[in-house]
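1. show me how the following folds:
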Amino acid sequence: MKYLAIRDDDLCFFTQPAEIEALYGPVFNRVPVSFACVSRTVPQHRDKVFSHTAAPGHYALGDNRPLVDYVRYLLHKRQCEVMVHGYTNESRQIKGSWQAECIWKPAAQLTEEIVAGRDYLTGLFGVRPRVFVPPGNSIGPAGVAAASAAGLDLSASLSLRPNHAWSRRYAANYKQHWTYWLAHRRPYPFTLDFGTHRELAAYALDTTAAFDHVMSCLRSCAEADASFVVSTHYWRLADDEGLHSALLRVIDAALDLGYLPGTVAEAIAGRRYPPNIVNISPKANANSAH
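-> Purely as a prediction, here's the structure:
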């Protein structure tokens, strides 16, 4: 089965329920939205989403109780999924270039924090995440190993520079992905199985200029009977009405092409998952969005 999944990155302490409802209210009843969640945000002035904050510090997602209640309500209705998006989403400037969290952090720290992020989100929302989304779409061998050790699949595409520990399966997947890329100029459309975890590429819709490319990839994936994950950021959609309209057009086109609405985890697995519920409080309600 081929699934359409919507991946929204950077759900964090600063996210307001009303923002999510305004953007995805028309979507939730058609396609669930998979939110990549930051457990403890470190605001940085270079990141637009955090530009309204002042002094740096850790801002725990759980301290935004209206957002937590709202997401729990969506989970109860099976209208969303929560995924692990690093731990702090902190980038650092090293040798003149910004490096994402899963690049600059040492292996031991990543191993500890990815498990901590998974368990934090499980306790917060009452569901156990199945997917890891690398911050900045960048990850190295230590990050891959840490995510797979935490039992998480990856919503990510193989980079040209080797970013996994070497294995025969990685070598085969690397060859398969880049052979396809050279022939078609787009990511390999099917899930890659690494034995320890699985990976599926997402197609970024963060600018209106990307719309034609995303639509072309969608049609190609539909012809190949492959699942399709479109990724974006809610704060970009809020700033650009044209981008929001573009996302709605992608959803319309995908459903017209016979895609089944699903989560990123279901797109990776190629099958329906039962609710991954540990505990969802009956207090969850929609009022937090207003």
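
2. give me the sheet partners of the host helix or strand of T232 and which way each runs.
-> Assigned by DSSP states H and E, T232 belongs to strand 228-233. As defined by DSSP bridges, the strand partners of strand 228-233 come to strand 3-11 (parallel), strand 203-204 (parallel).

3. what about S97, neighbour count?
-> The burial count assigned to S97 is 9, neighbours taken as other CB atoms under 10 Å. (C-beta placed from N, C-alpha, C; glycine too.)

4. please report how far it lies from S159.
-> Spatial separation of S97 from S159 under the definition CB to CB, to the nearest Å is 15 Å.

5. and what of G136?
-> Relative to S159, G136 is positioned 12 Å away (CB to CB).

6. contacts for the strand holding T232 next, please.
-> With CB atoms under 8 Å, 6 or more residues apart in numbering as the contact definition, strand 228-233 has outside contacts at 2-10, 49, 155, 189, 200-206, 214, 217-218, 221-222, 243, 247, 250, 254, 259, 264, 267.

7. quick check: which helices or strands does whatever helix or strand R169 lives in pack against?
-> Taking DSSP H and E as the definition, R169 sits inside helix 168-184. Taking 3 or more CB pairs under 8 Å, 6 or more residues apart in numbering; DSSP states H and E as contact, the helices and strands that helix 168-184 lies on are strand 192-193.

8. within the sheet, what are the partner strands of the strand it packs on, with directions?
-> Neighbouring strands of strand 192-193 in its sheet, by DSSP bridges, are strand 198-200 (antiparallel).

9. hmm, R72 is touching G123, no?
-> No: using CB atoms under 8 Å, R72 makes no contact with G123, being 11.8 Å away.

10. quick check: bridge partners of the closest residue to H58 other than its chain neighbours?
-> The shortest distance from H58 to any residue that is not its chain neighbour, by CB to CB, 6 or more residues apart in numbering, is 4.5 Å, and that residue is R40. Legend: beta-bridge partners of R40 under DSSP bridges are A60.

11. below-threshold pLDDT in the stretch 151-290 of the chain: ranges please.
-> Along the stretch 151-290 of the chain, the parts satisfying pLDDT under 70 run over 275, 277-288, 290.

12. where exactly do the helices run in it?
-> 168-184, 211-224, 234-239, 241-256, 264-269 (DSSP state H, counting those that start in this stretch).

13. and the fourth one, what other elements does it pack with?
-> For helix 241-256, the helices and strands in contact under the criterion 3+ CB pairs under 8 Å, 6+ apart are strand 3-11, helix 17-28, helix 211-224, strand 228-233, helix 234-239.

14. tell me which residues of the third one come out buried.
-> For helix 211-224, the neighbour count (16 or more other CB atoms under 10 Å) marks F211, V214, M215, C217, L218, C221, A222 as buried.

15. need the contact list for the first one.
-> What it means is F211. Residues in contact with F211, defined by CB under 8 Å, 6+ apart, are L205, A246, R249, V250.

16. hang on, the earlier thing: hey, which of the strands paired with strand 228-233 is tucked in deepest?
-> Among the strands paired with strand 228-233, strand 3-11 has the highest mean neighbour count (mean count of other CB atoms under 10 Å), at a mean of 27.

17. OK, contacts around G86?
-> By CB under 8 Å, 6+ apart, G86 lies in contact with V38, A100, E101, C102, E113, I114, G117, V133, P134, P135.

18. for the residue located most distally from the centre of the chain, report the pLDDT, please.
-> Taking CA atoms, centre = their mean, the residue of the chain most remote from its mean C-alpha position is K95, at 28.0 Å. According to the per-residue confidence, K95 scores 78 in pLDDT.
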